[in-house]
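Visitor: A structural model of the following input is requested.
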Amino acid sequence: MKSLWIEHQDKRIFYADYSGFGSDSVMLHQEVDEAVDVIAAEPDKSVLVLVNFENTDTSMSNLSTLRKLIPRANRAVIRRALLGLGGSRSFFITTFANVTGGTSLLAFDTREKALDWLVGE
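Guide: Here you go, the predicted structure:
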């Protein structure tokens with residue numbers, strides 16, 4: 001699993017690394033499934049999540065994977081920040097927001113801005 005816990009400004013953040021999968025929906029499914037298991041094991045409303053989609057296709061197959069798996073972790077998540085969804089891929093933000101259960105969600109151009117937003121009050 002590429003995804004892991006990181007720290008930013010003394011706060012614990014789960015880095016959901018869904019980057020670099022291209023159109024490989026099987027490998028993406030495996031990564032998302034494992035990451036969701038980790039997040040879902042945490043207490044309600046306790047997890048900040050940085051999700052990186054850089055170099056992963058926003059194909060229907062990949063969207064289907066997210067729709068199936070992400071909701072399992074929603075109760076544990078406070079906020080999600082997204083990377084890698086700028087330009088023509090920005091439509092994916094709306095789709096992703098629909099499966100997050102109303103959790104605060106914003107997309108960012110840089111990792112630093114995303115991390116700062118996650119830990120901000």
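
Visitor: V119: what's it in contact with?
Guide: H8, Q9, K11, I13, L48 (Cβ atoms under 8 Å, 6 or more residues apart in numbering). Placement of C-beta: from N, CA and C, glycine included.

Visitor: which ones are touching the last one?
Guide: Spelled out, that is L48. Counted by Cβ under 8 Å, 6+ apart, L48 has contacts K11, R12, I13, F14, V77, I78, R79, L118, V119.

Visitor: 7 Å instead, please
Guide: K11, I13, I78, R79, L118, V119 (Cβ atoms under 7 Å, 6 or more residues apart in numbering).

Visitor: with the first one instead?
Guide: Listed by Cβ under 7 Å, 6+ apart, the contact set of H8 reads L115, V119.

Visitor: distance of it relative to G120?
Guide: H8 sits 11 Å away from G120, going by Cβ to Cβ, to the nearest Å.

Visitor: the last one too?
Guide: Computed as Cβ to Cβ, the L48 to G120 distance reads 10 Å.

Visitor: M27 and F21 touch, don't they?
Guide: Yes. With contact defined as Cβ atoms under 7 Å, M27 reaches F21; the gap is 5.3 Å.

Visitor: find the centremost residue of the chain, please.
Guide: The residue lying closest to the centre of the chain (Cα atoms, centre = their mean) is V51, at 3.0 Å.

Visitor: so the spatially closest residue to it that is not a sequence neighbour, which of the three states?
Guide: Spatial nearest neighbour of V51, chain neighbours left out: A16 (4.4 Å); criterion: Cβ to Cβ, 6 or more residues apart in numbering. When classified by DSSP: H, G, I helix; E, B strand; the rest coil, A16 comes out as strand.

Visitor: so A16 touches M1, yeah?
Guide: No. With contact defined as Cβ under 7 Å, A16 does not count as touching M1 (10.0 Å).

Visitor: hey, what's in contact with both of the two?
Guide: A35.
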